[in-house]
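**Q** fold the following for me, if possible:
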Amino acid sequence: MKFNTKVIHGGQENIDPAYNAVMPPIYQTTTFKQKSHGAHQDFEYARSGNPTRAALEKAYASIENGTYGISFGSGLAAIDAVLKLLMPGDEVISTSDLYGGSYRLFDKVFKNFGIKFHFVDMNDASVISNHINDRTKLVWIETPTNPMMNIIDILAVAKITKKHNLLLAVDNTFATPYLQNPLDMGADIVMHSATKYLGGHSDVVQGCLVINDEELAKKLYFIQNASGAVPGPQDCFLVLRGIKTLHVRMQRHCENGKAVAQFLREHPKVDKVYWPGFTDHPNHAIAKSQMRDYGGMVSFTTKASTMDSAINVIENLKVFTLAESLGGVESLAGHPATMTHASIPKVDREQSGIVDALIRLSVGIEDIEDLLADLNQALGN
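**A** Residues are numbered from 1 along each chain as shown. Got it, this is the predicted structure:
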């Protein structure tokens, strides 16, 4: 089954045996009648499982070419579950250019439980080997990274983690399964903030993990149930609905993202533009080999190079909305240093390129002429 068909039909066979509904019903119930003591029909209590959630989890697995999909109340809840596989004294290697919420969870929560984190520049995947020791258990990467759009070679990292018997988890939120499939390249776990592109309409918060290994999946299902950070059936219905249009939305996100990146690079008031589709973008060749297109995320700085200049631009946008998050049908603009990455110390942010003048755009699916005109007027031309 090809991808465009998978997003609509993948894992959705016999989703409603009672009435054959085309869309899975919203099973708004906390518990399920048992035929007799200990005898239930797949579901017994909604924290442990729900038919609407089960339909979504099958869809997650299908679009990522995985075997098991596991749904959580948010992307951070999904990351939290992965880290609960670890024990005090274990070590994790992650990229230095990391979503601020992930960094906060690593550095402010799990570090307190005796887990050590190494944040390293992974533009050259081989540097990972320098930080591996007998306590290393997990490598956690994003690619493209948030917000610098750095590209990490998944195949190269997977080769290293397999050699040392380490888990490799890939945050695939920016790329989505439309653009790349990390499990096919050797990853053990794929994570999504489904709040973003998978939901696609800025109306639901959710996260997911996709896995192939049965034993690993069992451990994560246990954590999902035991910790209880599960989404409700209404949220599952909304994400499943969003997935069905992922392919057509991502096609437009990619088209508009390319046009915005090229426009910004040619604008006289713009300094640097970060978009992996540029041939001179770091690791562009890797992006070209592991991605099918380059997505709708673009970051840039103005030549004024100050926080005030960046805030002035985003506050004067009229079609782009100044807001947190990304991946919805509408175009959003944000200031990473004070919004998504504010929890990262300034010195660490700036070492990764997240300077006060940086602006991050989530390019939506509006008419491209309107988006370019909006950027032009906000930049002062």
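**Q** give me the below-cutoff pLDDT ranges for the stretch 51-200 of the chain.
**A** By pLDDT under 70, the stretch 51-200 of the chain has no low-scoring segment.
**Q** strands of that one, start to end?
**A** Remark: strands assigned in the stretch 51-200 of the chain by DSSP state E, counting those that start in this stretch are 68-72, 91-95, 116-120, 136-142, 167-171, 189-193.
**Q** residues making contact with the lengthiest helix in the chain?
**A** Taking DSSP state H as the criterion, the chain has its longest helix at helix 246-266. For helix 246-266, contacts defined as Cβ atoms under 8 Å, 6 or more residues apart in numbering pick out 3-4, 7, 63, 176-179, 197-198, 200, 270, 273, 275, 277-278, 293-298, 300, 329, 331, 361, 363-366, 368, 371-372, 375-376. For the C-beta atoms, the positions are set from N, CA and C on the backbone; glycine is no exception.
**Q** most tightly surrounded among the strands of the stretch 51-200 of the chain?
**A** Mean neighbours per residue, mean count of other Cβ atoms under 10 Å, is largest over the strands of the stretch 51-200 of the chain for strand 189-193, with a mean of 29.
**Q** what's the angle between the helix or strand following it and strand 68-72?
**A** Later in the chain than strand 189-193, the nearest helix or strand by DSSP states H and E is strand 207-211. Computed by axes from the mean of the first three to the mean of the last three Cα atoms, to 10 degrees, the angle separating strand 207-211 from strand 68-72 equals 160 degrees.
**Q** pull the CA atoms of the helix or strand following strand 207-211 into CSV?
**A** Per DSSP H and E, the first helix or strand lying C-terminal to strand 207-211 is helix 214-227. The C-alpha trace of helix 214-227 is given here as CSV (Å, rounded to 0.1, in the frame of the first residue of the first chain):
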residue,chain,number,x,y,z
GLU,A,214,7.8,-6.7,20.3
GLU,A,215,9.6,-6.8,23.6
LEU,A,216,10.3,-3.1,23.5
ALA,A,217,6.7,-2.4,22.6
LYS,A,218,5.5,-4.4,25.5
LYS,A,219,7.7,-2.4,27.9
LEU,A,220,6.3,0.9,26.5
TYR,A,221,2.7,-0.3,26.5
PHE,A,222,3.2,-1.2,30.2
ILE,A,223,4.6,2.3,30.9
GLN,A,224,1.7,3.9,29.0
ASN,A,225,-0.9,2.0,31.1
ALA,A,226,1.0,2.2,34.4
SER,A,227,1.7,6.0,34.1
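**Q** buried stuff in the next helix or strand after helix 214-227?
**A** For helix 214-227, the following helix or strand on the C-terminal side (DSSP H and E) is helix 233-243. Buried residues in helix 233-243, counted by 16 or more other Cβ atoms under 10 Å: 233, 235-243.
**Q** now the strands of the stretch 51-200 of the chain as CSV including distance to I151?
**A** As requested, these are exported to CSV (distance: least, Cβ to Cβ, whole Å):
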stretch, distance to I151
strand 68-72, 26
strand 91-95, 11
strand 116-120, 15
strand 136-142, 10
strand 167-171, 12
strand 189-193, 17
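**Q** out of the buried residues of helix 233-243, who's nearest W140?
**A** For the buried residues of helix 233-243, the minimum distance to W140 (Cβ to Cβ) is 22.9 Å, reached by V239.
**Q** which segments of this structure make up each domain?
**A** 3-243, 246-378 (automatic domain parsing).
**Q** returning to what we had before: buried subset of the contacts of helix 246-266?
**A** When burial is judged by neighbour count using 16+ other Cβ under 10 Å, the buried members of the contacts of helix 246-266 are 3, 7, 63, 176-179, 197-198, 200, 270, 273, 275, 277-278, 293-298, 300, 331, 361, 363-366, 368, 371-372, 375.
**Q** just those: which are in helices?
**A** Counting by DSSP H, these place 3, 7, 63, 176-179, 368, 371-372, 375 in helices.
**Q** looking at those residues, which one is closest to V190?
**A** So of those, ranked by how close each gets to V190 (Cβ to Cβ), first place is P177, at 8.2 Å.
**Q** the closest one reaches S62, doesn't it?
**A** No - using Cβ atoms under 8 Å, P177 is not in contact with S62, being 9.0 Å away.
**Q** in the longest helix of the chain, which residues are buried?
**A** If you call a residue buried by 16+ other Cβ under 10 Å, then helix 246-266 has these buried ones: 246-247, 249-250, 252-254, 256-264.
**Q** can you show me the CA trace of that helix as PDB?
**A** Output in PDB follows, covering the C-alpha atoms of helix 246-266 (Å, rounded to 0.1, in the frame of the first residue of the first chain):
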ATOM      1  CA  LEU A 246      -1.400  14.500   5.900                       C
ATOM      2  CA  HIS A 247      -0.200  13.800   2.400                       C
ATOM      3  CA  VAL A 248      -2.000  16.700   0.700                       C
ATOM      4  CA  ARG A 249      -1.200  19.100   3.500                       C
ATOM      5  CA  MET A 250       2.500  18.200   3.500                       C
ATOM      6  CA  GLN A 251       2.700  18.700  -0.200                       C
ATOM      7  CA  ARG A 252       1.600  22.300   0.100                       C
ATOM      8  CA  HIS A 253       3.700  22.900   3.300                       C
ATOM      9  CA  CYS A 254       6.700  21.800   1.300                       C
ATOM     10  CA  GLU A 255       5.800  24.000  -1.800                       C
ATOM     11  CA  ASN A 256       5.200  27.000   0.400                       C
ATOM     12  CA  GLY A 257       8.200  26.400   2.600                       C
ATOM     13  CA  LYS A 258      10.500  26.400  -0.400                       C
ATOM     14  CA  ALA A 259       9.000  29.600  -1.800                       C
ATOM     15  CA  VAL A 260       9.300  31.300   1.600                       C
ATOM     16  CA  ALA A 261      12.900  30.200   2.100                       C
ATOM     17  CA  GLN A 262      13.900  31.400  -1.300                       C
ATOM     18  CA  PHE A 263      12.100  34.700  -0.800                       C
ATOM     19  CA  LEU A 264      13.800  35.300   2.500                       C
ATOM     20  CA  ARG A 265      17.300  34.500   1.200                       C
ATOM     21  CA  GLU A 266      16.900  37.100  -1.500                       C
END
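**Q** having no further points to raise, I will conclude here.
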